[in-house]
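1. Whatever this is, show me its structure:
(chains A and B)
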Amino acid sequence: MTTAVRVIFVVLYVLLAPLIGALLAGIDRKISARMQRRIGPPVLQPLYDVIKLLKKQVIAVDRSQGFLIVSYMILTVITGCLFFAGVDVLMVFFILGTSSVFLYLAAVVTGSAMSSMGAQRELVQDMAIEPALLFSAVGFYLATGSFEVGSIIGGPVSAIVKMPGFFAAFLFVLTIKMRKSPFDTAQGTHAHQELVKGITTEMGAKNLAYFEITEWYETVLMMAVVAIYIINSHPASIIAAIVVILLVYFLEILIDNTCARLKWKDMLVLSWTVTLISAGVNLILLMVI
Amino acid sequence: MGVIPFLICFPFVAAVLMFCIRVNRIRNAVAYVSAAVIMAATVYLCVQWLIGGAGKIRLYYHTEAADRIILAAELILMCVVTWLCFKYRRWYISFLSIVPTLGIAWLELFGPEMTEYNRIYLDHLSVLMCLIVGIIGSLIVIYAVGYMHGYHHYHTDIPDRRYYFFMVLFLFLGAMFGFVLSADLLWIDFFWEVTSVCSFLLIGYTKLEEAVKNSFRALWMNLLGGTALAAGIIYYALKDGNTDLQTMVWSGSMFQHAALVAVALTAFAALTKAAQMPFSRWLLGAMVAPTPSSALLHSATMVKAGIYVLFRLSPALRGSLAGSMVSFVGGFTFLAASFIAIAQSDAKKVLAMSTISNLGLMTACAGVGRPETIWAGVFLMIFHAISKSLLFQDVGATENSLHSRDVEEMQGLLYRLPRLAIIMFIGICGMYLAPFGMLISKWAALKASVDSRNIILVFFICFGSATTTFYWTKWLGKLIARSSKPVVKDITKTNEMISLGVHTVLMIAVCALFPLLSKIYVDPLVSDMFGEAREVIPTGVLYLLVLLILFFFAVPVLAYVRNKHMAVNRKLSYLSGINTGNNDAFVSAYGDEKKLVVSNLYLTKAFGVRRLMVPCEAITSAVIIVTVAMTIGGAL
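-> Now for the predicted structure:
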């Protein structure tokens, strides 16, 4: 990739990712509603919600929450930019971990019971996710000989051919990352959360809007990771990638609407087991062969 | 290079002074001056060596007088240990001192004629170790003067034997210098035993029952390592006719059997000193025993002796059975210790487990024995030495003010004890957050273990990285969480603050300057050992990371400044009941007030010491016994 292409990608990510993320979230709500035999809100509803939140007066338990949330947002956007600039995926995943520390801090800084408990669970979720992400990066390196996004997508065959196990593990933790039931322990979109709204309990107005926007950026980043599993040097693979992303997203919605929430312990054990077996076996095969 | 014998001998002189001077004020002054002299001498050595071309330097060929003195000292040491063992009715431990010492004495006096080599060896690695010991060690001495004053002020039940305490501290510093500068295995063995005995004496300082118990545990574990080291040296000397470390490593990297056995035994010894499983308990004991400032001396400097030996051995470990043992034990310890750290709420125990965990990663790096892993390992060592020493001192000072070292008690420390909390915050960030130093090392270690096709190590690092994040973030959150607890009076002494301040500045400087550090120091260090330095992480990426670091600091600051003047209406937090107005209690359904306690997750049932420690020790013991037996069997 030339520098110009990289810059274009980064700019496009910064500008379009929230729109795409909002759209995906809107479609998500629509499909979920249809699955539950409701009509559901308009597709652009998430966007309207956030715009309204941004206009509201700021009421917070603790003033410092604001700057922690903003830091969380900016660091996540930077992580995404690094990814779209085509740098090392391992670094991207490591820095993504750092940005989520800010979300944790933003939740616990209030000292509030509900949001602190949600934050603890968020940490458990991060712990459940990280091995699979790191394994994915290692898998890309073994399959394509490079950690760099630019080289990963430049190969003659798609990475997924050599790393189906990694992909399966990644999909599994994607459900956690996207806060979908059965793994929405820290904060869920469904209205049956025993922790009220978990990690976002004490976030309101702008702070909640920033949180939502960050979620969109993150969703797009995660979908982009799905894409680099698929994309190869052939242009048609881009269409294949889009199809796969839509399928993956639909799968997540389906899982979300058909599974009851698990306890966080089960989530941790399950996700690590899947990572260990699925990605682990794939890793051993790639390393030995 | 007259500064080398000075560096080794001067701390011993200072130790004698410490013992003789019984007036606290005078002794403290002498301790300050001595620490400053040691620091200055270390810097002088470093500068002189850099001016001289920063090459590999071998010194002191004829040292018969020094050899005899060392032998005599070794015998005296043996007598002291034996006497103490009998005094505390643990006579069986004395065998671990008597047998190797007599063996070494026999080798020196009646053994075959040895090929003579130089006694002192100076290269990038030994100078780095000198800097760590000289600067951090001396800072710890300065800190300890203030700390021990406060300690005896509050613990009046414990007899004040500070003259003895500082004597051991200086003895320890001298032994560490001797250890990292020696090229001769007999000398290394002597200084090794001195550090073991010093740690034993420091842990048992208070003479309380627990302290005595822990000190003897440390003693037998370290002496067991010393015995293995002595056995390796004697075997190698008898087979190859010399006692030079570099020659041994070189022969080991050529897969010569005698050297391989010696390397395996030395590596075993290093595992005990680096507190790897199954020998982790002595370091834990050193933390829990009420000898606070020695605890930090251990984790910041002493355990690095084990890592230092492993780095030295690493060319011989590459591809050998002993290397697989070392990398497995290290990787396993990295993961297991980080699990156990999750279940700890005592700050010192968290630090102890994370020390063991990080040492595990360094050990694993040495075991793989490739230039990239040594690069990562050396960085880990630098960052770890600074940040761990910073954290230990900070927790110690916090404990003096807060009268607790429980992480749960630190709720809202940022508002209650701001100075110490900010320093703690920086120390913790340096331990694990991207894009700070530790993470770079983890990254490089992961990359290198993929390159060397070390599957099991990849597993350990991926999972260990996740668990590490968990226990540090938890702690970080506690510091900034709002709390209605009262403000605490900060009684930290100026000398403690000086040491903390210097550490903080060092920490930030090392983080910001690490591409430079990599280029001018760590790359040459690696090529000293392997004859080549490979680019682990491209320099461009390193600079990008520095930019990120700057940004990392800038974002919260900018966001804070911007938000400071924003109009925010305060509200009370949601509590599933009527908030009584202070965010710390609510009215329950029965109409009475319920106090609110917010606590972190510790997963004690799953990750507790009781549950995990024994199985982990069993696994690592089995691996060590099998591989050492196989190496010895293969040579016979």
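
2. the strands in the stretch 101-250 of chain A, which residues?
-> Using DSSP state E, counting those that start in this stretch, the stretch 101-250 of chain A contains no strands.

3. hey, where'd the helices end up in it?
-> Ranges of helices within the stretch 101-250 of chain A are A:113-144, A:149-152, A:159-162, A:164-177, A:205-230, A:236-258, based on DSSP state H, counting those that start in this stretch.

4. among the ones you listed, which is nearest residue B:213?
-> helix A:113-144 (34.6 Å; CB to CB). Every C-beta, even on glycine, is put in place using the N, C-alpha and C of the backbone.

5. returning to what we had before: make CSV out of the helices of the stretch 101-250 of chain A and add distance to chain B and mean pLDDT.
-> Converted to CSV, the helices of the stretch 101-250 of chain A look like this (distance: least, CB to the nearest CB, whole Å; pLDDT from 0 to 100):
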stretch, distance to chain B, mean pLDDT
helix A:113-144, 4, 90
helix A:149-152, 13, 87
helix A:159-162, 14, 89
helix A:164-177, 11, 93
helix A:205-230, 9, 93
helix A:236-258, 22, 93
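
6. mind listing what whatever residue of the stretch 101-250 of chain B ends up closest to chain A touches?
-> The nearest approach of the stretch 101-250 of chain B to chain A comes at residue B:128, 25.7 Å away (CB to the nearest CB). By CB atoms under 8 Å, 6 or more residues apart in numbering or on different chains, the contact set of residue B:128 is B:378, B:381-382, B:521, B:525.

7. Which members of those residues are the farthest-apart pair?
-> So, the contacts of residue B:128 by CB to CB: farthest apart are B:381 and B:521, at 12.1 Å.

8. Comparing those two, which shows the higher neighbour count?
-> Between residue B:381 and residue B:521, residue B:381 has the larger neighbour count (other CB atoms under 10 Å in any protein chain shown), namely 23 against 18.

9. what separates stretch B:496-509 from the chain centre, distance-wise?
-> 18 Å (CA atoms, centre = their mean, to the nearest Å).

10. I'd like the average pLDDT over that stretch.
-> On average, the pLDDT along stretch B:496-509 is 86.

11. same deal with stretch B:193-209?
-> In the prediction, stretch B:193-209 has an average pLDDT of 87.

12. And stretch B:123-132, by the same measure?
-> Rounded mean pLDDT across stretch B:123-132 is 89.

13. next one: stretch B:547-564
-> 69.

14. Then stretch A:282-289?
-> Stretch A:282-289 comes out at a mean pLDDT of 86.

15. quick one: is that stretch near chain B?
-> Yes: using CB under 8 Å from any CB of the partner chain, stretch A:282-289 reaches chain B at A:283-284, A:287.

16. so where is the stretch 251-400 of chain B shaky, pLDDT-wise?
-> Residue ranges of the stretch 251-400 of chain B with pLDDT under 70: B:288-300.

17. Cross the contacts of residue B:128 against helices and list the overlap.
-> Assigned to helices by DSSP state H, the following of the contacts of residue B:128 qualify: B:378, B:381-382, B:525.

18. So which of those residues wins on neighbours?
-> residue B:378 (27 neighbours).

19. quick one, what contacts that residue?
-> B:125, B:128, B:311, B:522, B:525-526.

20. Could you check how far it is from chain A?
-> From residue B:378 over to chain A the distance is 20 Å, taken as CB to the nearest CB, to the nearest Å.

21. For the closest residue to residue B:274 other than its chain neighbours, which three-state class applies?
-> Nearest residue to residue B:274, sequence neighbours excluded (CB to CB, 6 or more residues apart in numbering or on different chains): residue B:306, at 3.0 Å. Three-state call for residue B:306 (DSSP: H, G, I helix; E, B strand; the rest coil): helix.

22. what helix or strand is the nearest residue to residue B:455 once chain neighbours are set aside on?
-> Closest residue in space to residue B:455, ignoring its immediate chain neighbours: residue A:287 at 5.2 Å, by CB to CB, 6+ apart. Assigned by DSSP states H and E, residue A:287 belongs to helix A:280-288.

23. by contact count, what packs against that helix?
-> Other helices and strands packing on helix A:280-288, by 3 or more CB pairs under 8 Å, 6 or more residues apart in numbering or on different chains; DSSP states H and E, are helix A:113-144, helix A:164-177, helix B:455-480.

24. Tell me where the model's unsure across the stretch 1-150 of chain B.
-> In the stretch 1-150 of chain B, no residues with pLDDT under 70.

25. who's in contact with the closest residue to chain A within the stretch 201-350 of chain B?
-> Ranked by CB to the nearest CB, the top residue of the stretch 201-350 of chain B for proximity to chain A is residue B:342, at 8.8 Å. Neighbouring residues of residue B:342 by CB under 8 Å, 6+ apart: B:467, B:470-471, B:474, B:602-603, B:607.

26. Let me see the contact set for the residue lying closest to residue B:569 once chain neighbours are set aside.
-> Among residues not flanking residue B:569 along the chain, residue A:59 sits closest, at 4.5 Å (CB to CB, 6+ apart). Neighbouring residues of residue A:59 by CB under 8 Å, 6+ apart: A:204-205, B:568-571.

27. Compare those residues and tell me which has the most neighbours.
-> residue B:568 (21 neighbours).

28. Per-residue pLDDT of that residue, please?
-> 69.

29. Check which residues of the helix holding residue A:287 are buried.
-> A:280, A:282-283, A:286 (16 or more other CB atoms under 10 Å in any protein chain shown).

30. ok, now stretch B:413-433?
-> Under 16+ other CB under 10 Å, the buried positions of stretch B:413-433 are B:413-414, B:416-417, B:420-421, B:423-433.

31. Same question for stretch B:613-631.
-> Neighbour-count burial for stretch B:613-631 [16+ other CB under 10 Å]: B:613, B:616-617, B:619-620, B:623-624, B:627-628, B:631.

32. Quick one: mean pLDDT over it.
-> On average, stretch B:613-631 scores 86.

33. do the same with stretch A:91-102
-> On average, stretch A:91-102 scores 87.
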